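Undergrad: return atomic coordinates for the entry below.
(2 chains)
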Number of protein chains: 2
Amino acid sequence: MQSAKGAPLEAYLAERKALIDDALERFLPGAEDGPEIIHQAVRYSLFAGGKRIRPILCLAAAEAVGGGGQDCLPCACALEMIHTYSLIHDDLPAMDNDDYRRGIATSHRVFGAGIAILAGDALLTEAFQLLSRPECTGGDMEKRLRVINLIARAAGMIGMVGGQVMDLQGEGKSVPLEILADIHRRKTGAMLTAAVVSGAILAGATAAQTAVLSRYGQDIGLAFQIADDILNVTGDSALMGKGTGSDISRGKTTFPALIGLEVSRNHLTELVAGAAAHLAGFNHRADPLRQIAGYIMDRNR
Amino acid sequence: MQSAKGAPLEAYLAERKALIDDALERFLPGAEDGPEIIHQAVRYSLFAGGKRIRPILCLAAAEAVGGGGQDCLPCACALEMIHTYSLIHDDLPAMDNDDYRRGIATSHRVFGAGIAILAGDALLTEAFQLLSRPECTGGDMEKRLRVINLIARAAGMIGMVGGQVMDLQGEGKSVPLEILADIHRRKTGAMLTAAVVSGAILAGATAAQTAVLSRYGQDIGLAFQIADDILNVTGDSALMGKGTGSDISRGKTTFPALIGLEVSRNHLTELVAGAAAHLAGFNHRADPLRQIAGYIMDRNR
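TA: Numbering: from 1, shown residues only, chains lettered A, B, ... in the order given. Sure, this is the predicted structure:
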């Protein structure tokens, strides 16, 4: 597939990742104030090889409605900081108790659980600090406040935190399909959708565009999780960065376990097609969003 | 002592606490969405008998510059939510490992460490959700964004989280006086100062008023911690809600341990007098702030 400017998707993703990594370096609090260990712990997890899917979705959604990517960089970075906090806390001994993530030791294995908890707390807090800075989206304060509220709702009790609670409670139990979908809608889908919608809002999307992009976000959010579940069954640990089957061994319900690998794959294909169909009213500027939907599915190949 | 309206300070504090408790009930996400256990855990800690010092300081600072308390209620509640999150996380086994707080079992003892971590995460996130809602300070978006940024900085890596990291690292070590003061400036002082300054900003304080109130906040912030340390040596566990001497038994440096009880008490008196002196340019509307400074010292009697 080709991106909007004719470059392959891989080149587009790599260029965006470099842009975001550079911005994260600039937006993080300077190491000259505060204890050194918290800066180390925050950077360790933030630069541990994430693909930057959420910030890239934010920038791509802004692009799709004709906005410039640069204005959305603080928001894009805040989304990645919140995502990283959620990974650090999810990996803790009191939660999923994972030793490895993206092929390297998890935060609590390197810094201890106390500092890991605080590194997560720091990333969540600094994300809102960044979102409320004047340079974030310049002078349009109404958009900034809408985006802060949108992201906080997606990350909070009815969104990501709620999903993680349900995930924790579902361990070792057989969870029906609608509950499994609800867990992932909250845990993964809410923040992926918030990434797309925040980029759209900051770039001045109409209400109709925002509504359509929200549905795109919801579809790829669920697709993302089904793809992850399939990878957990069929993939190798090098791709996942943690042991294949680790979710299953912890007694977590997965889509393949519930509806089988074949039906899971069909459902994934339908969701990705549906996500692309939502974008029918957009021009070539939405090509990166179209390609990212396909990319989520292709991780399985 | 008498408050601005002639009522004793106790009545003023009780009336304000009731106002804040009522607002917290209204502003919390409704239990109809999200898993029940997270709502329970959040409410358990939020309504565990806190004195609401931070939200009361926010309202009292607004009052001191002639503002109405009602406009500041969402911000006041957000401050208490962030304070409660910090207590839940500080008490965790991986941190201070406290079994009791305010005389009742800590969150992780009741709900387990996983849910306790998530309850803290939820409170921190929902605080920013509340701060970014349109009803928070009405239409003045510039003030709202300033307050969000101010609170996020105070709660983040250079503030409260940084202080807790230093506190954790200082355990079992002899910490010199300037480091001890720095820990408490970050861990307690930053958020107490943010409470005062955010109320002032929302009520339309001038830059000069805000600067003076910030110094008041810094002084009572340190006074608050020294008073706590003294109480930890001399108080009874009923007042503290946890065992007397628990900080000392954990190998934490305290002001009395470092400079003696007598010098600590003198320093406390000086700080409280200094805090009151900062308010010299304010009229009777600042009486609650003046009285709260005295109240912090009187907790020791």
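Undergrad: what's the neighbour count on residue A:234?
TA: Residue A:234: 14 surrounding residues under other CB atoms under 10 Å in any protein chain shown. Just so you know, the C-beta spots here come from the backbone N, C-alpha and C atoms, and that holds for glycine as well.
Undergrad: kindly provide the distance from it to residue A:227.
TA: Distance, residue A:234 to residue A:227, using CB to CB, to the nearest Å: 11 Å.
Undergrad: which parts of the stretch 101-250 of chain A are strands?
TA: A:104-105 (DSSP state E, counting those that start in this stretch).
Undergrad: quick check: residues of it near chain B?
TA: Residues of the stretch 101-250 of chain A found near chain B (CB under 8 Å from any CB of the partner chain) are A:108, A:112-118, A:120-122, A:124-126, A:128-129, A:131-134, A:141-142, A:144-145, A:148-149, A:152-153, A:155-158, A:161-162, A:164-166, A:168-169, A:186.
Undergrad: just the buried ones among those residues, please.
TA: A:108, A:113-118, A:120-122, A:124-126, A:128-129, A:131-133, A:141, A:144-145, A:148-149, A:152-153, A:155-158, A:161-162, A:164-166, A:168-169, A:186 (16 or more other CB atoms under 10 Å in any protein chain shown).
Undergrad: those residues in helices, which ones?
TA: A:108, A:113-118, A:120-122, A:124-126, A:128-129, A:131, A:141, A:144-145, A:148-149, A:152-153, A:155, A:161-162, A:164-166, A:168-169 (DSSP state H).
Undergrad: gap between stretch A:124-143 and the chain center?
TA: A distance of 19 Å separates the centroid of the chain from that of stretch A:124-143, by CA atoms, centre = their mean, to the nearest Å.
Undergrad: mind checking the pLDDT average for it?
TA: The average of the pLDDT scores along stretch A:124-143 is 87.
Undergrad: end-to-end on that stretch?
TA: 20 Å (CA to CA, to the nearest Å).
Undergrad: mind listing what's buried along stretch A:208-218?
TA: Applying a neighbour-count criterion of 16+ other CB under 10 Å, one finds A:209-210, A:212-218 buried in stretch A:208-218.
Undergrad: and the pLDDT at residue A:300?
TA: Predicted confidence (pLDDT) for residue A:300: 48.
Undergrad: kindly report the same for residue A:297.
TA: The per-residue pLDDT reported for residue A:297 equals 78.
Undergrad: how about residue A:234?
TA: Note for residue A:234: predicted pLDDT of 83.
Undergrad: and residue A:223, by the same measure?
TA: Listed pLDDT for residue A:223 reads 95.
Undergrad: for residue A:176, give me its contacts.
TA: The contact partners of residue A:176, taken as CB atoms under 8 Å, 6 or more residues apart in numbering or on different chains, are residue A:258.
Undergrad: can you rerun that using 6 Å?
TA: Residues near residue A:176 by CB atoms under 6 Å, 6 or more residues apart in numbering or on different chains: none.
Undergrad: that one and residue B:165, how far apart?
TA: Remark: distance between residue A:176 and residue B:165 (CB to CB) = 42 Å.
Undergrad: give the residue farthest from the middle of chain A.
TA: Each residue of chain A has a distance to the centre, and by CA atoms, centre = their mean the biggest one is for residue A:32: 29.5 Å.
Undergrad: which SSE is it in?
TA: Using DSSP states H and E, residue A:32 falls within no helix or strand.
Undergrad: okay, it: pLDDT?
TA: Taking residue A:32 on its own, its pLDDT is 79.
Undergrad: low pLDDT regions in the stretch 201-301 of chain A?
TA: A:236-250, A:299-301 (pLDDT under 70).
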